[in-house]
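Engineer: Sequence below, structure please.
(chains A and B)
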There are 2 protein chains.
Amino acid sequence: MRIVDLIRKKRDGHELTVEEIKFIVGGYTRSEFPDYQMSAWLMAVILRGMSGAEIATLTEAMLHSGVTLDWSQLPGKKVDKHSTGGVGDKTSLILAPIVAAGGLFVPMISGRGLGHTGGTLDKLESIPGFNVNLPPERMREVLSQCGMVLVGQTEQIVPADKKMYALRDVTGTVESPALICASIMSKKIAEGIDALVLDVKTGSGAFMKKEEDAVHLAALMVETGKRMGKRVAALITDMNQPLGLYIGNALEVTECIEVLRGGGPADLRDLSLDLSAWMFYLGEKTKSVEDGRRLAEKMIASGAAFEKFCELVSLQGGDAEALRSPKRLPQAKNQVGVRSHHAGHVQAIDCEKIGIASLVLGGGREKKEDAIDPAVGIVLHKKLGHRVGKDEPICTFHYNSDARLKEAESLIHASYRIGQEPAPAADKLIRKVIES
Amino acid sequence: MRIVDLIRKKRDGHELTVEEIKFIVGGYTRSEFPDYQMSAWLMAVILRGMSGAEIATLTEAMLHSGVTLDWSQLPGKKVDKHSTGGVGDKTSLILAPIVAAGGLFVPMISGRGLGHTGGTLDKLESIPGFNVNLPPERMREVLSQCGMVLVGQTEQIVPADKKMYALRDVTGTVESPALICASIMSKKIAEGIDALVLDVKTGSGAFMKKEEDAVHLAALMVETGKRMGKRVAALITDMNQPLGLYIGNALEVTECIEVLRGGGPADLRDLSLDLSAWMFYLGEKTKSVEDGRRLAEKMIASGAAFEKFCELVSLQGGDAEALRSPKRLPQAKNQVGVRSHHAGHVQAIDCEKIGIASLVLGGGREKKEDAIDPAVGIVLHKKLGHRVGKDEPICTFHYNSDARLKEAESLIHASYRIGQEPAPAADKLIRKVIES
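Structural biologist: Below you'll find the model as predicted:
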């Protein structure tokens, strides 16, 4: 088998066999052929696409490029959730404690923020002392003891993805549903889970602006999961405005605590409960999604979910007291309101710009190497459909440096479209559910 | 400007600007970005194509990646011919002397054989002493003195093509009409010519088996030449059987001498005269192609073309006496006939297999580094439509080693389809002419 022939085969629109895909992924991971052949193949995949069978094989080949976790000794189903990323999207910190408190195992491996979206690891690290880099034995102990563990990706898990993603990033080969699906699903299945709920975002703050693209990717991931023997469902959810009101790492942890304690904004609370409900259902804890929702609500009402989160934070070296008195979380030195230039109703929000405003304040990363400030961010006062008075604050910036304050303010003004006519509130948060 | 954005732009099917294409070709030639980005871009070009304007810009950018030759001091038009390659295709050695004898300049830069097709340089080097590597000053002297010069590619001319072709060869990005067109046209225009005749082969011995593909490439090259201010015409010619009867380097030189002396097989003679006619016409030596044809015939009948070839061989260090007594050319030690297994008529010839049979005898190269034996090759006795008796020789092998004789014989038998019903002779040699 020669890689150049496999490049040609995909270039000419033919379906690759299992052996051929394994040859490509394995060979590339072991550096048996150079980047310039892989990038040509990746571009051919982008432009020719892949069949469902090819995507499942690619996912499987990537999965087996490294170690996979095995929790079969632990008594119960292992479930997880993956989100394609949005602004203010912080449901992991809420649903993982709910689902663990409800009796399932959640071995969650998360990523960091890049560009306009935040990352679960960055949010967790705003809790003083919290360690996201656990050695395998400690990961097992934590999961076994409290039913959940929240850690970062390691070099050992799906090394093919790490190498392929670095190449895709610089060769214009990121935007392929097939490659995105295989990247996500291989990493999630490597976690050793039985079931997975996908939160596929669409709208102005999502990577997929168009709902049809989100639905297409979701369907691919659900099909791939099914082919690999996993129970998978995807919720297509609205990201035309930030989820909840808080954006920024410690700020988002604070908002999660509010939800876990029975409060918090309705949209964040609702989506977290619905995602938890699906996890309970797919993890066979409840007979229906509706029963799952009731169980999730109970875990919050009883305080069990909040206590579970405190337990986890302690086990991973964090200051659990900071959850009980969130003032112990990092606080920015300054606050300033961003005031509306005119009165009216919020017609639309360019959600991506709000994410970038938070990045500009220091809460996010432009490049992977950038440091972030856990304390800074944005608290929104106005969302879609809200009435705004002239000079009324749209949001409040929490900041430590005023170096790029003006830029962040401009982004907020450019983001909010405020018009005279009354505007409808947000669309339904869950637009569609795709089940296998 | 960032290369990754230009890869994405082509990937998404957009037209690149002049500055963008210059950035890509110049940057790659100067190694300012890595092979893995270039190969992704090349694959995007393969699958998305290029507009006529993009191809002309690409050709121009490649042309200016190195030195271009300038013969403007020489009094007269400079013309050349390029063939896409076939089996037994040896017209360059005939038409260049005809056209130079007729008063135009022919500064011809040629290539070597690879795979089933031969190369002009290899044929020339079968003439004892002939030197295809002339320094620039000597090239100018020879061209100036005798009106023609036959040399090989240098590192200084279109270095972008050399680098791009090496990458395309291993990344499945050879088969793009846009890239093939830019590669050929940049090298030919770098020769400093005013007009160019293209011989685009189609059929079982050509790279383009289908006539529509040959026509498409020809039209692109003619359009590109016109956009660059050159007079260009393309002849789409049949390659469903070898051109002439001799295949192999010294053997082909012998057949060229026959044609230049007024003999030789009709198909080779005719095509050489027609290509010469077009060169005379495009080079403004004659008012019509018909007048060009008459002038070409005159150059043979008068002996001027043959004398011109002898003059050139002397000037480039070769043994001109070998042209007058071809037995001085390298001769293979052995000859053997390949006999037909059954009687009938030649219905079809898989011409590529005959080229490979010659390669197998030692007359060609599988890889660029392979050495070739100038003396060996094949003399055909049967062509399309001919009657063949059982055990009658189809062809004669000239060989020095019998290591792969059986393999070559099998290729000949597999190549000839001999059936009972009378078969038509070959199709018209010139199928179509495309003019700007």
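
Engineer: Pretty sure A:Leu273 sits against A:Leu295.
Structural biologist: No: the criterion here is CB atoms under 8 Å, and A:Leu273 misses it with A:Leu295 at 9.7 Å. Bear in mind the C-beta positions are built from the backbone N, C-alpha and C, glycine included.

Engineer: Now find how far off-centre the helix or strand where A:Leu93 lies is within its chain.
Structural biologist: A:Leu93 is part of helix A:92-101, with elements assigned from DSSP states H and E. From the chain centre to the centre of helix A:92-101 is a distance of 14 Å (CA atoms, centre = their mean, to the nearest Å).

Engineer: And that helix, what does it pack against?
Structural biologist: Packing contacts for helix A:92-101, counted by 3 or more CB pairs under 8 Å, 6 or more residues apart in numbering or on different chains; DSSP states H and E, involve strand A:79-83, strand A:106-110, helix A:120-125, strand A:148-152, helix A:249-260, helix A:266-282, helix A:289-301, helix A:304-315.

Engineer: so can I have JSON lines of these showing mean neighbour count and mean pLDDT?
Structural biologist: Formatted as JSON lines, the helices and strands packed on helix A:92-101 follow (neighbours: other CB atoms under 10 Å in any protein chain shown; pLDDT from 0 to 100):
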{"stretch": "strand A:79-83", "mean neighbour count": "26", "mean pLDDT": "98"}
{"stretch": "strand A:106-110", "mean neighbour count": "24", "mean pLDDT": "95"}
{"stretch": "helix A:120-125", "mean neighbour count": "23", "mean pLDDT": "96"}
{"stretch": "strand A:148-152", "mean neighbour count": "24", "mean pLDDT": "97"}
{"stretch": "helix A:249-260", "mean neighbour count": "26", "mean pLDDT": "98"}
{"stretch": "helix A:266-282", "mean neighbour count": "24", "mean pLDDT": "98"}
{"stretch": "helix A:289-301", "mean neighbour count": "19", "mean pLDDT": "98"}
{"stretch": "helix A:304-315", "mean neighbour count": "22", "mean pLDDT": "98"}
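
Engineer: What residues does the stretch 101-250 of chain A have near chain B?
Structural biologist: For the stretch 101-250 of chain A, the residues in contact with chain B (CB under 8 Å from any CB of the partner chain) are A:167, A:170-173.

Engineer: Who are the contact partners of A:Ala423?
Structural biologist: A:345-347, A:384-385 (CB atoms under 8 Å, 6 or more residues apart in numbering or on different chains).

Engineer: if you look at these, which of them are in strands?
Structural biologist: Members of these lying in strands (criterion: DSSP state E): A:345-347.

Engineer: where does A:Leu167 land on pLDDT?
Structural biologist: At A:Leu167, the predicted lDDT confidence score is 95.

Engineer: again, but for A:Ala425
Structural biologist: For A:Ala425, the pLDDT comes out at 83.

Engineer: which residues touch it?
Structural biologist: Neighbour list for A:Ala425: A:383-385 [criterion: CB under 8 Å, 6+ apart].

Engineer: now A:Arg328
Structural biologist: Applying CB under 8 Å, 6+ apart, the residues contacting A:Arg328 are A:128, A:319, A:321-322.

Engineer: With adjacent residues omitted, what lies nearest to the residue nearest the centre of chain A?
Structural biologist: What sits nearest the mean C-alpha location of chain A, by CA atoms, centre = their mean, is A:Ser83, with 3.5 Å. Spatial nearest neighbour of A:Ser83, excluding adjacent residues (CB to CB, 6 or more residues apart in numbering or on different chains): A:Asp199 at 4.0 Å.

Engineer: correct me, but the one you found touches A:Thr91?
Structural biologist: Yes: applying CB under 8 Å as the test, A:Asp199 and A:Thr91 come out as touching, 6.9 Å apart.

Engineer: Common neighbours of these two, please.
Structural biologist: A:81, A:83, A:271, A:275.

Engineer: of all those residues, which two lie farthest apart?
Structural biologist: Taking CB to CB as the measure, these span a maximum distance of 10.7 Å, between A:Lys81 and A:Leu271.

Engineer: Need the overlap of contacts for those two.
Structural biologist: By CB under 8 Å, 6+ apart, A:Lys81 and A:Leu271 have these common neighbours: A:91, A:199.

Engineer: now the angle between strand A:106-110 and the host helix or strand of A:Ala182, please.
Structural biologist: In the assignment (DSSP H and E), A:Ala182 maps to helix A:177-190. Taking axes from the mean of the first three to the mean of the last three CA atoms, to 10 degrees, one finds helix A:177-190 and strand A:106-110 inclined to each other by 130 degrees.

Engineer: Report the distance from helix A:177-190 to the chain centre.
Structural biologist: With CA atoms, centre = their mean, you get 13 Å for helix A:177-190.

Engineer: Only the buried residues of that helix, if you could.
Structural biologist: The neighbour-count check on helix A:177-190 (16 or more other CB atoms under 10 Å in any protein chain shown) flags A:177-190 as buried.

Engineer: Same check on stretch A:224-242?
Structural biologist: Buried residues in stretch A:224-242, counted by 16+ other CB under 10 Å: A:224-225, A:227, A:230-242.

Engineer: Among these, which one sits closest to B:Phe309?
Structural biologist: Nearest to B:Phe309 among the buried residues of stretch A:224-242, with distances taken as CB to CB, is A:Thr224, at 66.5 Å.

Engineer: quick one: the closest one is in a helix?
Structural biologist: Yes: using DSSP: H, G, I helix; E, B strand; the rest coil, the assignment for A:Thr224 is a helix.

Engineer: So what are the structural domains in chain A, by residue number?
Structural biologist: For chain A, automatic domain parsing gives the domain ranges A:3-49, A:79-326, A:330-419.

Engineer: Burial-wise, tell me which of those comes out on top.
Structural biologist: Of the domains of chain A, the one with the most neighbours on average (mean count of other CB atoms under 10 Å in any protein chain shown) is domain A:79-326, at a mean of 22.

Engineer: hmm, back to that, out of the domains of chain A, which comes closest to B:Val99?
Structural biologist: The nearest among these, by CB to CB, is domain A:3-49 at 38.9 Å.

Engineer: Is chain B within reach of that closest one?
Structural biologist: Yes: contact of domain A:3-49 with chain B (CB under 8 Å from any CB) involves A:4-5, A:7-8, A:11, A:34-44, A:46-48.

Engineer: for the helix or strand hosting A:Leu196, packing partners?
Structural biologist: Following DSSP H and E, one finds A:Leu196 within strand A:195-202. With contacts taken as 3+ CB pairs under 8 Å, 6+ apart, strand A:195-202 sits against strand A:79-83, helix A:177-190, helix A:211-227, strand A:231-238, helix A:266-282.

Engineer: re the thing from before, next, the angle from the helix holding A:Leu93 to strand A:106-110.
Structural biologist: 160 degrees.

Engineer: quick one, helix A:92-101 and strand A:195-202 angle?
Structural biologist: Using the same axes, to 10 degrees: helix A:92-101 against strand A:195-202 is 160 degrees.

Engineer: Restrict helix A:92-101 to CA atoms and write it as PDB.
Structural biologist: The C-alpha trace of helix A:92-101 is given here as PDB (Å, rounded to 0.1, in the frame of the first residue of the first chain):
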ATOM      1  CA  SER A  92     -20.300  20.900  32.100                       C
ATOM      2  CA  LEU A  93     -19.700  22.300  35.600                       C
ATOM      3  CA  ILE A  94     -23.400  21.900  36.400                       C
ATOM      4  CA  LEU A  95     -24.400  18.700  34.700                       C
ATOM      5  CA  ALA A  96     -21.400  16.600  35.700                       C
ATOM      6  CA  PRO A  97     -22.200  17.000  39.500                       C
ATOM      7  CA  ILE A  98     -25.900  16.500  38.800                       C
ATOM      8  CA  VAL A  99     -25.300  13.200  36.900                       C
ATOM      9  CA  ALA A 100     -22.700  12.000  39.300                       C
ATOM     10  CA  ALA A 101     -25.000  12.700  42.300                       C
END
